[in-house]
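**Student:** sequence and predicted model, in that order:
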Amino acid sequence: QKQNQSHSQNNSQEPIEGQNSNQAVRHKRSPKDFIFGKVIGEGSFSTVYLAKDIHTNKEYAIKVCEKRHIIKERKTQYVKREKEVLNMLANAKHYFVRLFCTFQDVERLYFVLSYAKNGELLPHITKNGSFDIECTKFYSAEILRGLEYLHGLGIIHRDLKPENILLDDKMHALITDFGSAKILGEPDQTDSSSQDHRETSTRTQRRNSFVGTAQYVSPELLSNKISSPASDLWAFGCIIYQMVAGLPPFRSRSEYQIFQKILQVDYEVPDGFCEVARNLVGLLLVREPSQRLGANDKQSIGYTSIRAHPFFNGIDFEKLHEQTPPPIC
Ligand SMILES: Nc1ncnc2c1ncn2[C@@H]1O[C@H](COP(=O)(O)OP(=O)(O)OP(=O)(O)O)[C@@H](O)[C@H]1O
Ligand SMILES: O=C(O)C[C@H](Cc1nc2cc(Cl)cc(Cl)c2[nH]1)c1ccc(Cl)cc1
Ligand SMILES: O=C(O)C[C@H](Cc1nc2cc(Cl)cc(Cl)c2[nH]1)c1ccc(Cl)cc1
């Protein structure tokens, strides 16, 4: 490949081991450096391929976006946000899908991501009916560690749901899909992807400012107030509920009904729902964001009050990533 001349290269390019031993050199990759295999998934404006780096034989998931489609759908902000946030997570060793490098050709953008061999968490929950308490504790703890890291960087995911929790070859959780993320402290851009409560939102602008399924959206996001890290804690509560019950807490035929149930925090727990888990979910699914468990914990030291909840008895949060995840049984 041509040696990368300009050293102003943005840091999206993680040093990739050169051919000669461990010297890390900076090469701008291109599609020619990879063998593209099967399609592992389709997004609303992306196709994800399993690919192999011809130099290292390592497997990656390469997310390919058509530039024309991104521009037509006015999603450049979404793509830029995804790249920006994935870059901020470049040093995270666990709990996130990692971005190794990006490149483009005339028609497409390419994100070279870590390959989550075991796909999305959701099918593992539904196929199994629901998770037993050991699995629920383990995966809730891994997601919590991810949220601690993300919120510690001042990033709110805003679209956390079981489809956006992937599983690597060892069945560890990897949070993904940062297109809807918000970075605290930066000025609210007026484009449609931000929940800026100041924007004079017209119907169309508001409508397309929300993507994905409605089940996990927090009340404050629905009533168009600004989101906060506590919005991810609401989604976290929904995911814990779903691992125990096998279904999300707010369900209905119509999206409108789901919104109404969310705004009224109207959910039931089925018989046999583990009491300790029910208590934790009840402390997270609270309409007022600041009243949610963990909302007032200091971001710099993590969610101490959630870690302290009896539900996590026996979990060693510092050693999670070294443990073998419990079998999903
Ligand atoms: N790193 C990855 N490893 C394995 N599978 C992945 C990876 N990233 C995405 N996928 C799979 O590819 C599919 C498409 O992902 P992608 O992020 O392109 O779109 P999406 O975010 O799921 O959809 P949308 O763009 O509509 O939100 C997902 O369903 C996911 O299961
Ligand atoms: O080379 C880089 O890293 C910078 C480019 C910048 C860039 N080119 C773009 C073209 C389009 Cl159409 C949309 C976006 Cl968001 C675009 N972003 C880029 C390339 C690939 C990817 Cl995945 C993201 C951004
Ligand atoms: O688009 C946005 O950013 C804000 C809108 C606001 C909003 N649209 C709604 C539609 C209905 Cl039917 C009910 C409520 Cl409470 C609604 N709130 C919205 C729509 C859908 C969802 Cl899931 C979240 C927020």
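**Tutor:** Received the coordinates, thanks. Ligands and ions are numbered 1, 2, ... in the order given.

**Student:** distance between the biggest helix by length in the chain and the chain's centre?
**Tutor:** Looking across the chain with DSSP state H, the single longest helix is helix 133-152. Centroid separation between helix 133-152 and its chain, computed with C-alpha atoms, centre = their mean, to the nearest Å, is 12 Å.

**Student:** so where is this structure shaky, pLDDT-wise?
**Tutor:** Within the chain, the segments meeting pLDDT under 70 span 1-26, 187-213, 225, 329.

**Student:** for it, which residues are neighbours of ligand 2?
**Tutor:** Counting by C-beta under 6 Å from any ligand atom, the chain comes close to ligand 2 at 10, 12, 67, 70-71, 76, 79-80, 83, 102-104, 109-111. C-beta coordinates here come from the backbone N, C-alpha and C atoms, glycine included.

**Student:** wait, Phe311 sits on Val276?
**Tutor:** Yes - under the criterion of C-beta atoms under 8 Å, Phe311 lies in contact with Val276, with a separation of 4.8 Å.

**Student:** the more surrounded of the two?
**Tutor:** Phe311 (24 against 16; other C-beta atoms under 10 Å).

**Student:** got the contact list for that one?
**Tutor:** Neighbouring residues of Phe311 by C-beta atoms under 8 Å, 6 or more residues apart in numbering: 137, 140, 276-277, 279-280.

**Student:** which of the residues you listed are buried?
**Tutor:** Neighbour-count burial (16 or more other C-beta atoms under 10 Å) is assigned, among the contacts of Phe311, to 137, 140, 276-277, 280.

**Student:** which residues in this structure form helices?
**Tutor:** For the chain, the helices defined by DSSP H occupy 67-72, 76-88, 121-127, 133-152, 203-207, 219-222, 229-245, 255-263, 275-284, 304-307.

**Student:** quickly compare the ones you listed and say which is most buried.
**Tutor:** Burial among these, expressed as mean neighbours by mean count of other C-beta atoms under 10 Å, is greatest for helix 229-245, which shows a mean of 25.

**Student:** so that helix, near ligand 3 or not?
**Tutor:** No - interface with ligand 3: helix 229-245 contributes nothing (C-beta under 6 Å from any ligand atom), its closest point being 11.1 Å away.

**Student:** out of the contacts of Phe311, which comes closest to ligand 1?
**Tutor:** Here the nearest of the contacts of Phe311 to ligand 1, counting by C-beta to the nearest ligand atom, is Ser140; it sits at 20.4 Å.

**Student:** can you tell me the closest non-neighbouring residue to that closest one?
**Tutor:** For Ser140, the nearest residue in space outside its immediate sequence neighbours is Ile240; the separation is 5.1 Å by C-beta to C-beta, 6 or more residues apart in numbering.

**Student:** the one you found touches Lys137, doesn't it?
**Tutor:** No - at 9.4 Å, Ile240 does not count as touching Lys137 under the criterion of C-beta under 8 Å.

**Student:** assess the claim that Tyr49 and Pro31 are in contact.
**Tutor:** No - taking contacts as C-beta under 8 Å, Tyr49 lies outside contact range of Pro31: 10.2 Å.

**Student:** neighbour-wise, which of the two wins?
**Tutor:** Neighbours of Tyr49 and Pro31, each counted by other C-beta under 10 Å, are more numerous for Tyr49; the result is 19 against 15.

**Student:** from ligand 2, how far off is the more buried one?
**Tutor:** The span separating Tyr49 from ligand 2 equals 13 Å under the rule C-beta to the nearest ligand atom, to the nearest Å.

**Student:** list the contacts of that residue.
**Tutor:** Tyr49 sits in contact with 36-40, 61-62, 64, where contact means C-beta under 8 Å, 6+ apart.

**Student:** in the stretch 101-250 of the chain, what residue is nearest ligand 1?
**Tutor:** Checked against ligand 1 (C-beta to the nearest ligand atom), the nearest residue in the stretch 101-250 of the chain is Ala116, 3.6 Å away.

**Student:** quick one: residues contacting the residue lying closest to that residue once chain neighbours are set aside.
**Tutor:** Taking C-beta to C-beta, 6+ apart as the measure, Ala116 lies nearest to Leu166, with 3.4 Å between them; neighbours along the chain are not counted. Listed by C-beta under 8 Å, 6+ apart, the contact partners of Leu166 are 97, 116, 118-121, 173-176.

**Student:** now do 6 Å
**Tutor:** 116, 120, 174, 176 (C-beta atoms under 6 Å, 6 or more residues apart in numbering).
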